[in-house]
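> got a sequence here, can you build the structure:
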Amino acid sequence: MYELFADFPLNGYLFIKLTTSYNRFTGFFVKFINEKTFIMKNQAVSVKYGVGIGILLIVYFFILSIFDLHMKPFLSMANMVFMGIGIYSAIRVYKTDHQKDNLKTFTYQQGFRVGLVTGFIATIIFSVFFAIYVSNIEPDFIPKMTVKWDAGYDVGVGTISFIVFLMGLASTVVLSLALMQIMKDSWNTTPGKTYTVGNTKEK
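From the prediction side, this is the model:
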């Protein structure tokens, strides 16, 4: 009987160590699962709004084409408005969910990334549609546009589709940067004041 409890201090110590390690592992695992679930959920936000923007751009283009207005460049400025509204909505939903889950502080980089992914998805969708449209639905679209642009060289489907893609990416970057200036957390909050020059402590 004595032999069973002879090493009790050692066995108790090992039990405590094993319990501590188990608690740390399960805590890390739960946190990891929660963060992965949160990331996947907010990636879905970008996909949802990116697809929505892409569909809206396509519908708008079709409406213009019905009235033969799709070759007027100034009307395409509305695309940036649609893109801005969609990116703003995606960042706002991401920020709200982020603060609700209370995992981490909402950062400028996170919001900017959401805006980029959202706009990138919308740009890909519209660029693919545009390439299909100018090559199959209205093959004479490019010749008509080159006449209006007074271009002295031939422009292919790939070239003009790539230009549309680059314009969409440029709009995405500009809009994401501009919107995050509005939606980022203010430096006048308590965490923000920690990083101001007047409150920085020298080590």
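> show me the shaky parts of the chain.
1-42, 99-104, 146-154, 185-203 (pLDDT under 70).
> report the contact partners of Ser176.
Contact analysis of Ser176 by CB atoms under 8 Å, 6 or more residues apart in numbering lists 87, 91, 111-112, 115-116, 119. Quick note: C-beta positions are derived from backbone N, CA and C, even for glycine.
> count the neighbours of Ser65 for me.
15 (other CB atoms under 10 Å).
> what about it, which SS state?
helix (DSSP: H, G, I helix; E, B strand; the rest coil).
> which helices and strands sit right next to the helix or strand harbouring Ile125?
If you go by DSSP states H and E, Ile125 is part of helix 108-132. If you count contacts as 3 or more CB pairs under 8 Å, 6 or more residues apart in numbering; DSSP states H and E, helix 108-132 packs onto helix 8-66, helix 77-101, helix 157-183.
> so which other helices or strands are in contact with the second one?
Contacts defined by 3+ CB pairs under 8 Å, 6+ apart place helix 77-101 against helix 8-66, helix 108-132, helix 157-183.
> who's in contact with Leu177?
If you count contacts by CB under 8 Å, 6+ apart, then Leu177 has Phe112 around it.
> from Lys144, how far out is it?
34 Å (CB to CB, to the nearest Å).
> report how many residues lie close to the closest residue to Met80 other than its chain neighbours.
Distances taken as CB to CB, 6 or more residues apart in numbering place Ser171 nearest to Met80, at 5.3 Å, with adjacent residues excluded. Residues near Ser171, counting by other CB under 10 Å, number 18.
> do Gly52 as well
Around Gly52 there are 19 residues (other CB under 10 Å).
> pretty sure it contacts Gly86?
Yes: counting by CB atoms under 8 Å, Gly86 is a contact partner of Gly52 at 6.2 Å.
> surely the residue nearest to Met80 touches Val81?
No: look at Ser171 against Val81 with CB under 8 Å: they stay out of range, at 10.3 Å.
> and Gly52, how far from Phe126?
12 Å.
> and Leu175, what does it touch?
Contacts of Leu175 (CB under 8 Å, 6+ apart): 80, 83-84, 87, 115, 119.
> whoops, I mixed them up, Ser127
161, 164-165, 168.
> from Tyr133, how far off is it?
From Ser127 over to Tyr133 (counting by CB to CB), the distance is 11 Å.
> now Tyr94
For Tyr94, the distance to Tyr133 - CB to CB - is 32 Å.
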